[in-house]
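Undergrad: sequence and predicted structure, then a few things I'm wondering about:
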Amino acid sequence: MGTELNTTPAKDWKGYNGRPFLIAGPCSAETEEQVMETAKQLSEIKEVSIFRAGIWKPRTRPNSFEGVGTEGLKWLRDVKRETGLMVCTEVANEKHVYEALKYGIDMLWIGARTSVNPFTVQEISDALNGVDIMVLVKNPVSPDLELWIGAIERIAKAGITRLGAVHRGFSTFEKTIYRNQPNWQLPIELRRRIPDIPIICDPSHISGAREYLYEISQKAMDLNFDGLMLESHINPEKALSDAAQQLTPNDLKELLSRLILRSPVASDPKLLDILGELRQQIDVFDDHLLDILEKRMKIAETIGQYKKENNITILQTTRWDEIIKKVLVKGQTKGLSPEMIDIIFKAIHQESINHQMKIMNNGISTRKKKN
Ligand code: PEP
Ligand code: MN
């Protein structure tokens with residue numbers, strides 16, 4: 001199902017001159033000098049179209065640096081005048097919107113701690129009604145695609161057409177190498193649901209550390225994202241927020257020079273032929289997979305019949321444990337990642353249970369899950 005929204009494709013946005021549409025600047029505006037010096041250095045990098053800096057900072061814990069407030073908007077206005085770069089900042093309530101509009105900010109972004117809250121997003125949307133400005137909606141902190149789409153729809157309802165999404169990763173309780181889990185399938189599904197919406201990846205907030213910025217940026221380009229938002233600071237170690245993930249403008253330039261940009265569509269007829277043939281083979285294997293799954297479910301149903309006749313519970317934990325251990329080991333010998341095996345077999349197991357439930361309940365289908 002697609003979501004019908006009137007969004008302008010990235011190529012028609014002011015300042016877009018090919019992938020990646022680049023937004024760069026410090027996590028936070030700290031001083032007038034830091035903002036201007038960073039902006040001057042960034043304006044010399046041809047890929048940079050928009051300068052970012054947070055003025056109002058949503059910090060996880062109190063007593064951290066919470067931004068310089070409205071004062072910083074003057075510095076952004078000066079950046080625009082002196083460097084010609086467009087400027088953007090984060091807004092988290094209607095007052096922020098009115099202040100940013102007063103200072104001629106070109107683009108606003110709605111942060112991950114705001115897009116999670118429909119009341120606040122609606123308040124921002126009301127403040128933006130009828131205004132012609134670029135707006136980016138970051139994904140909510142939780143991996144909830146509907147909530148992300150809902151926030152985008154609310155902003156679209158204000159008449160904003162230069163509307164984009166920022167993928168900045170998702171919070172998890174477990175510690176992983178990245179600060180926020182990318183869960184790439186969510187932005188990919190967002191692209192399927194809203195095909196025209198520009199999607200910008202924010203490797204800084206996904207990684208939380210400089211060392212992973214390149215691999216995440218490259219992956220986003222390989223997935224055909226439209227742009228990147230990267231935090232850059234003239235003196236990252238001394239940054240008042242997100243020090244570990246910011247790059248000097250020089251290091252940003254170096255990262256960009258290493259990015260490999262592949263074309264989303266092939267035009268060489270010989271290559272198209274080869275791809276066409278390989279895709280046909282993939283289609284054949286997909287059909288095989290479906291046939292095999294169908295057969296597997298039939299057997300599960302027969303087992304269900306026996307369980308029913310002999311009054312045995314559907315879930316047999318030891319048997320399931322045996323299966324998952326076996327397929328994980330086997331999968332590894334075939335070069336299949338344990339993460340994928342785990343997801344696929346859990347889904348297959350759940351489907352088998354559903355089929356057996358039907359048998360147990362005399363073929364009456366179980367209640368459909370409500371949203
Ligand atoms: C930011 O861009 O500095 C920021 C606070 O981002 P997020 O909302 O993604 O955490
Ligand atoms: Mn930040």
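TA: Nice, thanks for sending it over. Ligands and ions are numbered 1, 2, ... in the order given.
Undergrad: how many neighbours does residue 318 have?
TA: 7 (other Cβ atoms under 10 Å). Using the backbone N, CA and C atoms, a C-beta is placed for each residue, glycine as well.
Undergrad: surely it forms part of a strand?
TA: No - in this structure, residue 318 is helix, not part of a strand, as judged by DSSP: H, G, I helix; E, B strand; the rest coil.
Undergrad: what's the pLDDT at it?
TA: Residue 318 is assigned a predicted lDDT (pLDDT) of 89.
Undergrad: tell me how far the residue in the stretch 51-200 of the chain that ligand 2 sits nearest to lies from ligand 1.
TA: In the stretch 51-200 of the chain, the residue found nearest to ligand 2 is residue 54; the distance is 6.5 Å by Cβ to the ion. Going from residue 54 to ligand 1 by Cβ to the nearest ligand atom, to the nearest Å gives 5 Å.
Undergrad: ok, that residue - contacts?
TA: 26, 27, 28, 29, 67, 89, 90, 241 (Cβ atoms under 8 Å, 6 or more residues apart in numbering).
Undergrad: and those, which two are the farthest apart?
TA: 89 and 241 (13.7 Å; Cβ to Cβ).
Undergrad: which one's more surrounded, those two?
TA: Taking other Cβ under 10 Å, residue 89 and residue 241 do not tie; residue 89 has more neighbours (25 against 19).
Undergrad: need the three-state assignment for that one.
TA: strand.
Undergrad: what helix or strand does residue 336 sit in?
TA: Secondary structure assigned from DSSP states H and E places residue 336 in neither a helix nor a strand.
Undergrad: can you check what pLDDT the model gives it?
TA: Looking at residue 336, the pLDDT reads 95.
Undergrad: what does residue 32 give?
TA: According to the model, residue 32 scores 98 on pLDDT.
Undergrad: distance of it from residue 247?
TA: 21 Å (Cβ to Cβ, to the nearest Å).
Undergrad: who has more neighbours out of those two?
TA: Taking neighbours as other Cβ under 10 Å, residue 32 and residue 247 compare with residue 247 leading, 20 against 15.
Undergrad: pretty sure the more buried one sits against residue 256.
TA: No - with contact defined as Cβ atoms under 8 Å, residue 247 does not reach residue 256; the gap is 10.2 Å.
Undergrad: how about the residues of the stretch 201-350 of the chain by ligand 1?
TA: Counting by Cβ under 6 Å from any ligand atom, the residues of the stretch 201-350 of the chain close to ligand 1 are residue 205.
Undergrad: what is the mean pLDDT for the helix ranked longest in the chain?
TA: As assigned by DSSP state H, the longest helix anywhere in the chain is helix 269-309. On average, the pLDDT along helix 269-309 is 93.
Undergrad: what is it packed up against?
TA: Under the contact criterion of 3 or more Cβ pairs under 8 Å, 6 or more residues apart in numbering; DSSP states H and E, helix 269-309 touches helix 338-360.
Undergrad: any chance you could list what contacts the helix it packs on?
TA: Contact partners of helix 338-360, identified using Cβ under 8 Å, 6+ apart, comprise 293, 296-297, 300-301, 303-305, 307-308, 314-315, 320, 323-324, 327-328, 331-332, 364-366.
Undergrad: write out the residues of this protein neighbouring ligand 2.
TA: 27, 242 (Cβ under 5 Å from the ion).
Undergrad: strands of the chain, residue ranges please.
TA: 21-25, 48-52, 86-90, 107-110, 134-138, 163-167, 199-201, 227-231 (DSSP state E).
Undergrad: name every strand pairing with the shortest one and say which way it goes.
TA: In the sheet containing strand 199-201, its partner strands are strand 163-167 (parallel), strand 227-231 (parallel), by DSSP bridges.
Undergrad: make TSV out of these and add distance to residue 41 and mean neighbour count.
TA: TSV is the format used below for the strands paired with strand 199-201 (distance: least, Cβ to Cβ, whole Å; neighbours: other Cβ atoms under 10 Å):
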stretch	distance to residue 41	mean neighbour count
strand 163-167	23	26
strand 227-231	13	27
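Undergrad: possible to save these as a markdown table with mean pLDDT and distance to residue 237?
TA: Below are the strands paired with strand 199-201 laid out as a markdown table (pLDDT from 0 to 100; distance: least, Cβ to Cβ, whole Å):
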| stretch | mean pLDDT | distance to residue 237 |
| --- | --- | --- |
| strand 163-167 | 98 | 25 |
| strand 227-231 | 98 | 13 |
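Undergrad: distance to residue 358 added to those, as CSV?
TA: Below are the strands paired with strand 199-201 laid out as CSV (distance: least, Cβ to Cβ, whole Å):
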stretch, distance to residue 358
strand 163-167, 38
strand 227-231, 47
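Undergrad: and those strands: which comes nearest residue 139?
TA: Counting by Cβ to Cβ, and looking across all of those, nearest comes strand 163-167 at 5.8 Å.
Undergrad: from the chain, which residue is nearest to ligand 2?
TA: Of all residues in the chain, residue 27 sits closest to ligand 2, at 3.2 Å by Cβ to the ion.
Undergrad: which ones are touching residue 59?
TA: 65, 66, 241.
Undergrad: the second one reaches residue 72, doesn't it?
TA: Yep, that's residue 66 we're talking about. No - checked against Cβ under 8 Å, the pair residue 66 and residue 72 is beyond contact range at 11.8 Å.
Undergrad: which of these two has more neighbours?
TA: Between residue 66 and residue 72, residue 72 has the larger neighbour count (other Cβ under 10 Å), namely 22 against 15.
Undergrad: surely the more buried one touches residue 53?
TA: Yes - in this structure, residue 72 is within contact of residue 53 by Cβ under 8 Å, at 6.7 Å.
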